[in-house]
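Enquirer: Dropping a prediction and its sequence here:
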Amino acid sequence: MFTPLPTPEEMTAWDRAALEQFGLRADMLMENAGSAALEVLKEAYGSLEGTQVLLIAGGGNNGGDAFALARRLLDEGAVPLVLHTKGKAAYKAEARLHLELAKRCGVELRHLPAARAEKTLASVDTPHILIDALLGTGFTGALRPETLGIVRAMNRLAESAFVLALDIPSGLDGLTGMPRPEAVHADVTVCLHAIKLGCSLPSAAPYVGECISRGIGIPKAATAVAPARHGMLTDRLFDLLIAPPAELHKGRAGHVLILGGSEGLTGAAQLSALGALRAGAGLVTIGCPRGVLAEVKAGFPDFMALPLGCGTTWTPECISGLLPSLGKYDSIVIGPGLGRDRGAAEFLALFPAAAAAAVDKGWSSPCVYDADALFHLAQAPQLLQGLPKDAILTPHPGEMARMLGMGMGQLQANRLSAAERFTEKHAQVLVLKGAGTLVCQGQRTLISPISAPNLAVGGSGDVLSGVIAACLARGIAPLQASCLGVYWHGMCGTYLAQAFPGRGNLPTEIAHTLPVILKERASC
């Protein structure tokens, strides 16, 4: 269900384990890296016969990979030129071996002294293909002035050349995916053995181009030495959806309760309910203040309603009407359209205790806290501390920033760090929405590969909360249900881009697309 996304540190540990514990040879891994890069280049570019290929080789293992690739390019009929940033004598061990092998095979090699590198590159004729092997995933900090000059010169060549980056575009941080302060703009990045964490983040998208992973012979057992904390959501999440039996009835398909809706804010609860139904819930009930019951039900015979209290807003008295029926529901969403007034805050403060009492009587349904519920939790951190571990929080960036007490810009500058900072202190599942949605719990962080502008519409998050609740109602564990909901919802955004390439789709259409995604997947 998840593809590992190693950090640079974890990848180093995997390399070391492959060499020291499993007996692989470093020169063989380098040879495999050159072979993998050639395979990706041929797939992306086509025939290499007669192409002029410029390879910029740094002083580390990336440089060695470039020497191995250059030799193979020569065998394909290309005309490779390697500009290496270190003198030949400075290359050691397997990198030196592949340098000498490339030289003996006839590859043209030239030293690219740092002091003259930018000027030298400016005088080079633009090649058909540029290979970026300057810096690897071990790069940290900021580019030194002379290296920054090389990166800028490579980007000038990239305006006319096809660019393949080996493992990661030079200048990109392998942990955060941020340029430091600039990075090579690649058309394709071939990630050796696994896509690195930094390459998977939305901030890296302008630099990595198409990101392709290729194995180089590191045994799977070697990765067990330092299992990756981060992973990427994949299509295999749909395997969690067991095909319904022929005798299925609504009572066994999951009953979702949406606690939300108030005067002027009934649409959010309706969208959450619609998301749950379209995701396969057998029954959906909206619990709402009695005074907005007609508005909640208007035009929607598809779901039931539970009137609570007496007025049009939430009050502590709404709890008494909820308690007798709480045990009927398989999952709950609390927050869409709840409102931000004092009454809603008081109701929310009472709800965890009421739910805990129901748990003591055998009820164990998990809850999704969304929208206005998150606003109140941010105002009362003690409530957040008291939530059960299986609760799911689904903030958008503004709500997340409020819960962490930080600025929106500060959060967006490093979403991953902010999310993990939150889960270090809180045991619940966190779903930080946005491009490359993050799903975190404890030491595990899972990243959606989907960035879909068609999801950037009011009400989209309400639909997502209903989808996650429907997955919970099927009996799927909270972390997995959150991942499945995020991926499924994201696929709807990708699908809708075909019919609405300039956006303009409605949030209801996101919900209506949910079963279409399953149909499309079944037909593949």
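Expert: On my side now, so go ahead. Numbering: from 1, shown residues only.

Enquirer: shouldn't residue 270 be in contact with residue 302?
Expert: No: taking Cβ atoms under 8 Å as the contact criterion, residue 270 and residue 302 are not neighbours in contact, 9.5 Å apart. Every C-beta, even on glycine, is put in place using the N, C-alpha and C of the backbone.

Enquirer: Have a look at the two and say which one is more surrounded.
Expert: Neighbours of residue 270 and residue 302, each counted by other Cβ atoms under 10 Å, are more numerous for residue 270; the result is 30 against 12.

Enquirer: In this structure residue 311 contacts residue 290, no?
Expert: Yes: distance between residue 311 and residue 290: 7.2 Å, which falls inside the contact criterion (Cβ under 8 Å).

Enquirer: joint contacts of those two?
Expert: Counting by Cβ atoms under 8 Å, 6 or more residues apart in numbering, no residue touches both residue 311 and residue 290.

Enquirer: quick one: stretch 50-60 to chain centroid distance?
Expert: Between the mean C-alpha point of stretch 50-60 and the mean C-alpha point of its chain there is a distance of 31 Å (Cα atoms, centre = their mean, to the nearest Å).

Enquirer: May I have that stretch exported as PDB, CA atoms only?
Expert: What follows is stretch 50-60, C-alpha atoms only, in PDB (Å, rounded to 0.1, in the frame of the first residue of the first chain):
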ATOM      1  CA  GLY A  50      24.700  10.300 -32.700                       C
ATOM      2  CA  THR A  51      23.400  12.400 -29.700                       C
ATOM      3  CA  GLN A  52      25.800  14.800 -28.000                       C
ATOM      4  CA  VAL A  53      25.600  14.100 -24.300                       C
ATOM      5  CA  LEU A  54      27.300  16.300 -21.700                       C
ATOM      6  CA  LEU A  55      27.800  14.700 -18.200                       C
ATOM      7  CA  ILE A  56      28.700  16.900 -15.200                       C
ATOM      8  CA  ALA A  57      30.300  14.600 -12.700                       C
ATOM      9  CA  GLY A  58      30.800  15.700  -9.100                       C
ATOM     10  CA  GLY A  59      33.400  14.300  -6.700                       C
ATOM     11  CA  GLY A  60      31.200  11.800  -4.900                       C
END
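
Enquirer: So what's the residue count around the nearest residue to residue 272 once chain neighbours are set aside?
Expert: Leaving aside its sequence neighbours, residue 272 sits nearest to residue 466 (Cβ to Cβ, 6 or more residues apart in numbering; 4.1 Å). Residues near residue 466, counting by other Cβ under 10 Å, number 33.

Enquirer: Read off the pLDDT value for residue 466.
Expert: At residue 466, the model reports a pLDDT of 98.

Enquirer: Kindly report the same for residue 360.
Expert: As summarised for this prediction, residue 360 has a pLDDT of 65.

Enquirer: Same question for the one 10 residues further on.
Expert: As summarised for this prediction, residue 370 has a pLDDT of 98.

Enquirer: tell me the contacts of it?
Expert: When contacts are taken as Cβ under 8 Å, 6+ apart, residue 370 is in contact with 272, 333-336, 393-394, 461-462, 465.

Enquirer: hmm, 7 Å instead?
Expert: With Cβ atoms under 7 Å, 6 or more residues apart in numbering as the criterion, the residues that contact residue 370 are 333, 335-336, 394, 461, 465.

Enquirer: Show me where this structure dips below the pLDDT cut-off.
Expert: For the chain, applying pLDDT under 70 flags the ranges 359-363.

Enquirer: Could you list the domains of it?
Expert: Per automatic domain parsing, the structural domains of the chain span 2-228, 250-405+418-523.

Enquirer: I would like the residues contacting the top helix by length along the chain, please.
Expert: Longest among the helix segments of the chain by residue count, using DSSP state H, is helix 478-499. Here helix 478-499 makes contact (Cβ under 7 Å, 6+ apart) with 233, 237, 240, 366, 390, 392, 429, 431, 437, 439, 441, 446, 448, 450, 452, 454-455, 463-464, 467-468, 471-472, 476, 505, 509-510, 513-514, 516-517.
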